[in-house]
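Undergrad: coords please:
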Amino acid sequence: MKLDKNGYTLIELIILLAAVSVIALVFIVKTSFAFKEIDNSDEIAKQEKILIKNASLAYSNKIKDKLKDEKVVYVTGDELIESGFLTQDDAYKTLKVKLSYNEEKDKVNYEVVD
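TA: Model prediction:
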């Protein structure tokens, strides 16, 4: 007697479902890491801004007398690197920062300029 097979067995369906689930899981994991990398780039940009601010303000303490006399001093990335306030990085070489001294508040302001 010959058996006609018209469909899939339960075992075959379970194996197929498991295979599709694994493929979907791999896809979801890969795409979630891609979105995390985008979020990390925003975080890196924020950290670089903080690093530049801290380096500029630390450098302003080094040149405080000059800053008090001239009120405004432009500092390049190379100066911050040579002084040891920034690491050797090509991205910082073109950096230019405006340091200004506010006499009334005895405070130094910084601004990154192009």
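Undergrad: and the worst-scoring helix or strand of the chain on mean pLDDT, which residues are buried?
TA: For the chain, counting by mean pLDDT, DSSP states H and E, helix 90-93 ranks last in confidence among helices and strands (a mean of 75). With burial defined by 16 or more other CB atoms under 10 Å, the residues of helix 90-93 counted as buried are residue 92. All C-beta atoms are positioned from the backbone trio N, CA, C, and that covers glycine.
Undergrad: contacting residues for the residue nearest in space to the middle of the chain?
TA: Note on the chain: the residue nearest the mean C-alpha position is residue 44, at 1.3 Å, using CA atoms, centre = their mean. Contacts here follow CB atoms under 8 Å, 6 or more residues apart in numbering; on that basis residue 44 touches nothing.
Undergrad: Secondary structure of it: a helix, I assume?
TA: Yes. With DSSP: H, G, I helix; E, B strand; the rest coil as the criterion, residue 44 is assigned to a helix.
Undergrad: Now for the nearest residue in space to residue 63 that is not next to it in sequence: which residues touch it?
TA: Excluding its sequence neighbours, the residue lying closest to residue 63 (CB to CB, 6 or more residues apart in numbering) is residue 73, at 6.5 Å. Applying CB under 8 Å, 6+ apart, one finds that residue 73 lies in contact with 60, 63, 66-67, 98-100.
Undergrad: show me where the chain has strands.
TA: 72-76, 96-102, 107-113 (DSSP state E).
Undergrad: Need the winner for burial among those.
TA: Each of the strands of the chain was assessed for mean neighbour count using mean count of other CB atoms under 10 Å. The highest is strand 96-102, with a mean of 17.
Undergrad: Show the contacting residues for the closest residue to residue 87 other than its chain neighbours.
TA: Leaving aside its sequence neighbours, residue 87 sits nearest to residue 81 (CB to CB, 6+ apart; 7.2 Å). Going by CB under 8 Å, 6+ apart, residue 81 touches 87-89, 92-93.
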